[in-house]
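**Student:** here is a sequence with its predicted model. Questions after.
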Amino acid sequence: MPQMQSGSWKEEHLFNLKELLESFDHLEAKILRYEAHIQQGLETLAPVERATLPVPVPVKPKSNKATLKEEWLRGALWRMSGVDLTAIDGIGVELARLLHFGQPYHDIGARAYEERFAVKRLAAITAQA
């Protein structure tokens, strides 16, 4: 480890690194404050009868990549609407959020294509029902 910490670093590189780290920490704290505010807002959207109910077990097996934030968001969306869109193949938590709130697609490329495909599939499934 001491060998990794030694080197011929220029002072301006160290200064830039320090400034970037401070900016990163500041933005990360800001993001956490926004997320907390959004969570409070989502919790107020849940009808009283579903506000305290436990979230149903996911129909699809949980992936190893599912985070606590995604699980919380899935639960908040279910409490708000009474529907778990993530039970439909091809719809993850982020796409379910977009579908619930009707936000436009800002992504260009493969992800946007996947989301458009999932929306078309959702429309086809609901038309059959």
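**Tutor:** Right, received. Where do you want to start?

**Student:** okay, CA-based contacts and neighbour counts for the rest of this
**Tutor:** Noted.

**Student:** any low-confidence regions in this protein?
**Tutor:** Where the chain drops to pLDDT under 70, the residues are 1-8, 60-66, 103-129.

**Student:** max-length helix in the protein?
**Tutor:** In the chain, with assignment by DSSP state H, the single longest helix is helix 11-45.

**Student:** list the buried residues in the strand or helix carrying residue 80.
**Tutor:** Using DSSP states H and E, residue 80 maps to helix 68-81. Neighbour counts over helix 68-81 (16 or more other CA atoms under 10 Å) mark 73, 74, 75, 76, 77, 78, 79, 80 as buried.

**Student:** take these and write them to JSON lines, including distance to residue 87.
**Tutor:** Shown next, in JSON lines, are the buried residues of helix 68-81 (distance: CA to CA, whole Å):
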{"residue": "73", "distance to residue 87": "14"}
{"residue": "74", "distance to residue 87": "10"}
{"residue": "75", "distance to residue 87": "12"}
{"residue": "76", "distance to residue 87": "15"}
{"residue": "77", "distance to residue 87": "12"}
{"residue": "78", "distance to residue 87": "11"}
{"residue": "79", "distance to residue 87": "15"}
{"residue": "80", "distance to residue 87": "16"}
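
**Student:** nearest to residue 14, of those residues?
**Tutor:** Of all the buried residues of helix 68-81, residue 14 sits closest to residue 73, with 39.1 Å by CA to CA.
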